[in-house]
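J.: give me the fold of what follows.
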Amino acid sequence: MDAGALGSAMAKDLWLFLSRGLNPHAKALEVRQGSHGEDTIVFEVDVEVSQVRVHDIRPRERVSATFVKDHLPEVLALRADFPHVPHINPRDEEFPRSLCLYDESFDELSLRWTAAEFVERVRWWLAETASGTLHRHDQPLEPILLDGFPPLILPADLLPRLQHGAKQLTVIARSDLKVFWATWEAVSPNGPRFFAVVIECLPHVHGVIRRRPRSISDVADVLGETGIDFIEMLRDRVSQMDRTPVSLNGHLILITILPKQRRTGEPIEALEFWAFLIEKPISELGEALGLWQMQSGVAGHLLGGRPDPLALAAMNVDVLNPRFELSRAGAAVMNGVEPSEIKVTAIGMGALGSQVANNLVRAGFGVWTPIDQDFLLPHNVARHEMSAKEAGMPKVEGMRFRLNSILHEQAVASAIEANILHPADKSFEVRTALDEAEVILDFSASLAVGRYLARDPSPGRRCSVFLNPRGSDLVILCEDIKRLSRLDWLEFQYYRALINEPGLIDHLSPDSGRIRYARSCRDLTSRVPQHLVALHSGIAAGTLQRVLRGEKAFIGIWHADDNMGVRSFAVKPSLLEEFSANGWTLATDETFLNRIAKLRGKKSKKETGGVLIGSFDQKTKTIYLVDTICSPPDSEEWPTLYIRGCEGLKANVDEIVGRSDGQIGYVGEWHSHPDGYTTEPSEDDRTVFRWLDDHMVRDGRPPVMLIAGEKDFRFFLGSMDASVVLKRTDARTPESAHQIN
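T.: Residues are numbered from 1 along each chain as shown. The predicted model follows:
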């Protein structure tokens with residue numbers, strides 16, 4: 001045809017480019033039009049080839065480019081003896097061969113397609129094919145068929161089940177036959193019935209087929225290249241199928257497993273799965289295979305029956321593209337992580353917990369046991385993983401169903417509807433879940449639950465994950481694998497970070513107002529946006545996977561600003577120091593002790609001091625010491641005397657109480673003894689302790705005093721009759737770290 005009759009804009013551009021001679025290595029020859037109006041341009045290109053070629057590509061090749069609306073241009077190699085090489089598109093006929101130039105869609109390619117780039121792409125493809133480098137050494141083996149066919153979803157346990165003798169599956173199809181699901185279960189879907197059988201081929205060198213199979217005979221030819229007698233294997237599979245009316249009226253899907261090698265004799269590098277849907281019902285397939293003859297809807301067995309080649313050649317097939325259900329391993333690969341079957345007991349399946357659990361299961365992480373006594377209410381749906389249709393359902397049951405629907409494997413082993421602190425008739429289940437857990441994730445945002453888990457004797461590593469009142473900040477506290485840094489002490493190190501990090505000054509400020517969702521005085525919920533819960537649940541899921549792969553303790557805080565920028569605050573955990581005296585346990589760490597030692601060291605020839613910052617846990621009789629407010633400016637410091645002042649002290653304590661939301665505050669006094677003196681209390685120290693006792697008893701708390709010396713720290717809890725001495729770090733041995741006098 002005349003070039004002026006071209007209808008495709010791309011074809012016009014290509015013809016204009018070639019006819020103007022803009023590329024000296026390409027020459028326009030002619031324009032053709034197909035039977036359906038498609039435009040085809042025939043041209044020649046010069047190819048850079050060496051004298052030693054892997055494939056027979058000539059220095060000059062004649063090709064054609066056919067343009068159909070909204071499709072990639074199809075490029076055909078017009079030489080009659082053009083070799084069979086990698087990256088050839090399958091067609092109904094083997095020749096002319098179709099060059100696979102692109103691995104993207106027309107919509108994407110059309111944004112940058114030019115005739116000049118297209119011509120050079122053809123020349124590059126031919127040159128790379130000639131040298132054998134088009135398919136790179138590190139590139140995955142090429143499929144025997146290319147993509148673009150309806151998917152067939154296979155069970156994730158297909159291969160293990162095949163090894164145990166399973167061969168037949170039932171297939172469910174969408175009504176428009178765009179997606180198929182294969183299952184081992186017997187199902188009764190509406191509409192056409194489909195069955196699937198599996199045929200395992202012999203190992204073969206990777207490479208595409210020469211033409212797309214359209215019939216059973218074509219499939220036999222294609223798979224015959226792998227060395228199997230496909231028709232005989234198909235006869236064997238079909239002969240073993242039930243011959244009920246339902247089966248005979250159904251359609252068969254052939255699932256083929258193709259082991260692929262990079263070169264002949266090399267180990268199997270990959271398995272590829274393809275499937276073919278037979279157009280005719282199984283009744284007619286059995287007749288074509290010579291297995292039976294149909295009489296009044298009944299399949300009569302044939303003795304000595306043989307396949308009918310003409311009938312098999314006339315029996316059309318459609319290609320399906322198998323892919324597996326999402327397994328734990330597959331989910332991990334998609335997320336770029338290692339799969340994990342770590343046993344997780346999760347406390348609390350609220351907004352954050354439900355979304356973090358969902359993220360982790362989708363990453364192939366964990367076998368879960370959620371514990372929660374709550375049930376879903378309509379207002380929860382604003383931020384919860386569950387939907388409004390599940391309102392009224394226990395959260396653990398709803399999440400069990402949801403999480404178990406994600407992967408082929410079971411993600412939730414059991415779900416316990418119980419209060420972790422008061423499990424009542426679920427005590428045994430809760431105890432078992434805690435004892436068997438490798439990691440316990442606390443999403444409850446409850447101080448009581450966190451403290452309980454910290455002291456519980458079960459061996460699993462604990463992590464606490466929660467949001468601040470406004471939902472702008474995420475906090476993650478994780479114990480080390482040996483649980484030397486317990487969860488309760490990580491909590492107080494987190495408080496210490498709040499009072500010392502300027503960027504966290506408003507971290508525990510209350511939200512913008514609570515919402516009443518019902519009539520009871522307790523029917524209130526926080527005003528936390530879903531987008532913040534989603535943001536922080538993603539951060540939490542990624543962080544937990546990373547932290548739990550290691551062995552160290554972890555404290556992390558993330559703050560999201562109004563523009564959704566996220567700033568992280570890493571807090572280095574410090575090992576717990578714990579001892580008991582007079583019925584109380586004192587918990588502190590090297591960070592606190594080193595701070596006291598540093599303040600003392602600045603005035604080693606004088607006494608100095610300050611107040612102790614921490615908290616009392618009345619239930620466990622534990623005193624947590626986390627920080628100090630050093631000597632106020634109006635204090636009197638002498639070589640053998642210290643009188644603590646009070647200028648600005650109350651304001652400082654009030655600020656600490658406010659920034660920690662009342663979790664830490666004043667707990668006692670400390671002062672130092674100068675170099676050359678022991679930490680034995682003086683008479684003045686005893687007088688101060690009596691004053692402190694009178695002061696603290698009003699609040700029902702024991703007096704706490706610390707004397708910091710040159711070589712040790714001496715603690716008094718509740719009484720001066722007994723003290724606990726901690727050696728300074730530089731003077732310690734394992735045996736002398738704690739000494740009770």
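J.: could you point out the longest helix of this protein?
T.: With DSSP state H setting the assignment, residue counts place helix 530-549 as the longest helix in the chain.
J.: next up, the contacts around Glu479.
T.: Arg461, Arg462, Cys463, Ser485, Arg486, Leu487, Leu490, Ala553 (C-beta atoms under 8 Å, 6 or more residues apart in numbering). For every residue, glycine as well, the C-beta is placed using N, CA and C.
J.: wait, the second one sits on Asp480?
T.: No - no contact is recorded between Arg462 and Asp480 when judged using C-beta atoms under 8 Å, the distance being 10.2 Å.
J.: isn't Val528 right up against Leu467?
T.: Yes - using C-beta under 8 Å, Val528 is in contact with Leu467, at 6.7 Å.
J.: just the ones of the contacts of Glu479 in strands?
T.: Arg461, Arg462, Cys463 (DSSP state E).
J.: chain neighbours aside, what residue packs nearest to the second one?
T.: Read it as Arg462. Leu487 (4.3 Å; C-beta to C-beta, 6 or more residues apart in numbering).
J.: could you say which helix or strand contains Gly556?
T.: strand 554-560 (DSSP states H and E).
J.: kindly format the C-alpha coordinates of the next helix or strand after that strand as PDB.
T.: Using DSSP H and E, the next helix or strand after strand 554-560 towards the C-terminus is strand 566-571. The C-alpha coordinates for strand 566-571 follow below in PDB (Å, rounded to 0.1, in the frame of the first residue of the first chain):
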ATOM      1  CA  VAL A 566       8.900  11.100  60.800                       C
ATOM      2  CA  ARG A 567      11.800  11.600  63.200                       C
ATOM      3  CA  SER A 568      13.200   8.700  65.200                       C
ATOM      4  CA  PHE A 569      14.800   8.800  68.600                       C
ATOM      5  CA  ALA A 570      17.000   5.900  69.500                       C
ATOM      6  CA  VAL A 571      17.600   5.300  73.200                       C
END
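J.: what lies in contact with strand 566-571?
T.: Contacts for strand 566-571 (C-beta under 8 Å, 6+ apart): 493-494, 497, 501, 503-504, 535, 539, 555-561.
J.: any quick ChimeraX command for the buried ones out of these?
T.: Buried members of these, defined by 16 or more other C-beta atoms under 10 Å, are picked up in ChimeraX with:
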select :493,494,497,504,535,539,555,556,557,558,559,560
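J.: the more surrounded of Arg462 and Asp480?
T.: Shown here are Arg462 and Asp480; by other C-beta atoms under 10 Å, Arg462 has more neighbours (24 against 18).
J.: just give me the neighbour total for Val381.
T.: 17.
J.: for the residue nearest to Arg462, give me its contacts.
T.: Applying C-beta under 8 Å, 6+ apart, the residues near Leu487 are Asp442, Gly450, Leu453, Ala454, Arg462, Cys463, Ser464, Leu477, Glu479.
J.: same check, this time on Leu575
T.: Here Leu575 is in contact with Leu484, Ser485, Asp589, Glu590 (C-beta under 8 Å, 6+ apart).
J.: correct me, but the last one touches Ser574?
T.: I take that to be Glu590. Yes - under the criterion of C-beta under 8 Å, Glu590 makes contact with Ser574 at 5.1 Å.
J.: so which of these two has more stuff around it?
T.: Ser574 (20 against 13).
J.: shouldn't the more buried one be in contact with Thr588?
T.: No - counting by C-beta under 8 Å, Ser574 sits too far from Thr588 to count as a contact (9.1 Å).
J.: walk me through the domains of this structure.
T.: Domain ranges of the chain: 3-131, 151-322, 330-571, 576-740, per automatic domain parsing.
J.: from these, which stretch is densest packed?
T.: domain 330-571 (a mean of 19; mean count of other C-beta atoms under 10 Å).
J.: for it, the distance to its chain's centre please.
T.: How far domain 330-571 lies from its chain's middle: 15 Å, per C-alpha atoms, centre = their mean, to the nearest Å.
J.: give me the mean pLDDT for that domain.
T.: Confidence for domain 330-571, expressed as mean pLDDT, is 93.
J.: for stretch 41-56, same thing?
T.: Stretch 41-56 comes out at a mean pLDDT of 92.
J.: for the stretch 51-200 of the chain, give me the ranges with low pLDDT.
T.: 135-148, 187-192 (pLDDT under 70).
J.: what are the bridge partners for Trp638, then?
T.: Leu641 (DSSP bridges).
J.: what about Ser283, which helix or strand?
T.: Assigned by DSSP H and E, Ser283 falls in helix 282-288.
J.: packing partners of that helix?
T.: helix 230-239, helix 245-249, strand 251-261, strand 292-295, helix 309-313 (3 or more C-beta pairs under 8 Å, 6 or more residues apart in numbering; DSSP states H and E).
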